[in-house]
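A.B. asks: I need the structure of the sequence given here:
(2 chains)
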Amino acid sequence: MTVAPPERLAVFRILLGSFVTAYLVIRLPVFIELTSRETNRFDPAGLFRLGDAPLGAGLYLALIGLTIPAGIAFTVGWRFRFTGPTFAVLLLVVTSYRSSWGQLLHFENLMVLHVMVLAPFRAADAWSLDALRGEDRVAGGASPHVRYHFPLQLASVIVVVTYVLAGIAKLRYGGLDWVRGDSLRNHIAYAAARVELLGGNSSPFAAFAVRNAWILPPAAVASIVIELGAPLALISKRTRNAWVALAWLMHAGILALMLIVFPSPLLLIAFAPMFELERLAECLGRARPRLSSQRNSTQQRLRRRRTRSST
Amino acid sequence: MSPSVGGVIDDDRLLASATIVTMGWSRAQLQLERRWFRATILAVVVLLLSLPVVRDEDDFPLSTYPMYATARGDEVSLVTAWGRDSNGQRGELGLGIIGSSDDPLIVAGELRSSIRAGEVADRCREIADRASVDSSIVSIEIATERHDVVAHTLSRPSLITRTVHAECPVPENDR
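C.D. replies: Below is the predicted model:
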């Protein structure tokens, strides 16, 4: 049975919670602007397919107002048994609602699914306010256990399936033309033209890529291989590292050529559950005494210099 | 049992439900140690994620991930909005004025859905209101333009056809 220390799950909770909460704060104007839209533009997605009318502005603003503090509570692990699932539900509601106005932003899917995966598990048994207060601690809770490994395994499988589905979509909707023909060049040109026709700035590299289109069919093959090859990330540490590096490069390439940002993979949050995250915290822990000793020696040096100059 | 009045759930039933949920959840957490239980959860999650692909229906948060997946030609129709000055010259408006968002995906999506819903005239007036801060713009037009996007990216002439959906004046009170 594979086990993980509680710190590994805790670091993922902190990284994911910080990222999603920051995302909500940064995008707050977009979420708030939805309240001023005419109701006939409402095109229900996700949960909202159950009904066909938008929420009242007051209720929706209240939900957003609750989601951000719930995200903070999720991140710091405060009463996680309650705030974890609450944040997951609120996040699903507000992002589904945003998606219900004619534009699905696919990069939101993975972060919402990850929060939903983490929320019902014991992700706050370490490095949390709950752990500080000694609440929710089970017998042997601080030792490695399958309950800390499984949510991360589940989150990793979701990442892998997501990429495989994206690869399947290209073969299904685009077929071999997507790989062989000029599709990728035309997508890059389309992304640039769309932004420019709306008065924005396109990628400075788009024209270069379009002019040197011979590089794009191999790039198209590579992107499909990376997406369909996502299960390699679950085989060994070496294949995981190689796949994550390639997937990150793919997103960096998309950003450079099309100015399309997939924030969670680019910041490595999406790939975080595949790694031994407690080592990250150990590195920070080791760096702290080193930093403080450096600070102390600098202060001592300054003090000595001051004493010398005064004498 | 405490009394239940006018649709208020009585305390005993609420307590019983909470106990059942808590016990069920604690039991499920214990079951995590069993391999078959974990395998079942993983299988269910994979099935759920694959469901939109089977149904060929994009949704949120479960998706077919169709973005940029289609084979695209070099001629594309794009919806956009322009401002015109008093000499009839067209000028760019910018994302913030066309859609009050900095995201081109959202702005383009809003324009498309307003045309689909037959509300393009309303959308034109909204843009005109936002554009009234610029005194040089006298009117707004929303159009679908067909471009050779490769030529456009290489700064060559690219416009193939142009269909104007709505034209409206910019209010003068702010100018």
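
A.B. asks: quick one, helices of chain B?
C.D. replies: Using DSSP state H, the helices of chain B run over B:11-31, B:35-55, B:95-99, B:104-116, B:120-131, B:149-153.

A.B. asks: How much space separates A:L246 from chain B?
C.D. replies: In this structure, A:L246 and chain B are 18 Å apart, going by Cβ to the nearest Cβ, to the nearest Å. Bear in mind the C-beta positions are built from the backbone N, C-alpha and C, glycine included.

A.B. asks: now check whichever strand or helix holds A:Y190, is it near chain B?
C.D. replies: Counting by DSSP states H and E, the secondary-structure element that holds A:Y190 is helix A:183-197. Yes. If you take Cβ under 8 Å from any Cβ of the partner chain as the test, helix A:183-197 does meet chain B, through A:183, A:185-190, A:192-197.

A.B. asks: quick one: low-confidence parts of chain A?
C.D. replies: Applying pLDDT under 70 to chain A picks out residues A:1, A:135-142, A:287-311.

A.B. asks: Now do stretch A:21-32: everything it contacts.
C.D. replies: Contacts made with stretch A:21-32 from outside it, assessed by Cβ atoms under 8 Å, 6 or more residues apart in numbering or on different chains, are listed as A:61, A:64, A:67-68, A:71-72, A:74-75, A:91, A:94, A:98, A:111, A:263, B:101, B:103, B:106.

A.B. asks: first vs last residue of it, how far apart are they?
C.D. replies: Taking Cα to Cα, to the nearest Å as the measure, stretch A:21-32 stretches 15 Å from start to finish.

A.B. asks: Show me what counts as buried in that stretch.
C.D. replies: By neighbour count, and taking 16 or more other Cβ atoms under 10 Å in any protein chain shown as the criterion, the buried residues in stretch A:21-32 are A:21, A:23-24, A:27, A:30-31.

A.B. asks: So for residue 160, what's the nearest residue that isn't a sequence neighbour?
C.D. replies: With no chain named, the answer covers chain A. Ranked by Cβ to Cβ, 6 or more residues apart in numbering or on different chains and with sequence neighbours excluded, the top spatial neighbour of A:V160 is A:A230, at 4.3 Å.

A.B. asks: not what I meant, chain B
C.D. replies: Leaving aside its chain neighbours, B:I160 sits nearest to B:R146 (4.3 Å; criterion: Cβ to Cβ, 6+ apart).

A.B. asks: rewinding a little: just send the helices of chain B back as CSV, with mean pLDDT too.
C.D. replies: Shown next, in CSV, are the helices of chain B (pLDDT from 0 to 100):
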stretch, mean pLDDT
helix B:11-31, 66
helix B:35-55, 94
helix B:95-99, 87
helix B:104-116, 84
helix B:120-131, 92
helix B:149-153, 95
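
A.B. asks: Deepest in the core, which of those helices is it.
C.D. replies: Most buried of these, by mean neighbour count (mean count of other Cβ atoms under 10 Å in any protein chain shown): helix B:149-153, with a mean of 25.

A.B. asks: tell me the contacts of the residue positioned nearest the centre of chain A?
C.D. replies: In chain A, the C-alpha nearest the mean C-alpha coordinate belongs to A:S264, at 2.8 Å (Cα atoms, centre = their mean). With contacts defined as Cβ under 8 Å, 6+ apart, A:S264 is in contact with A:19, A:107, A:110-111, A:270.
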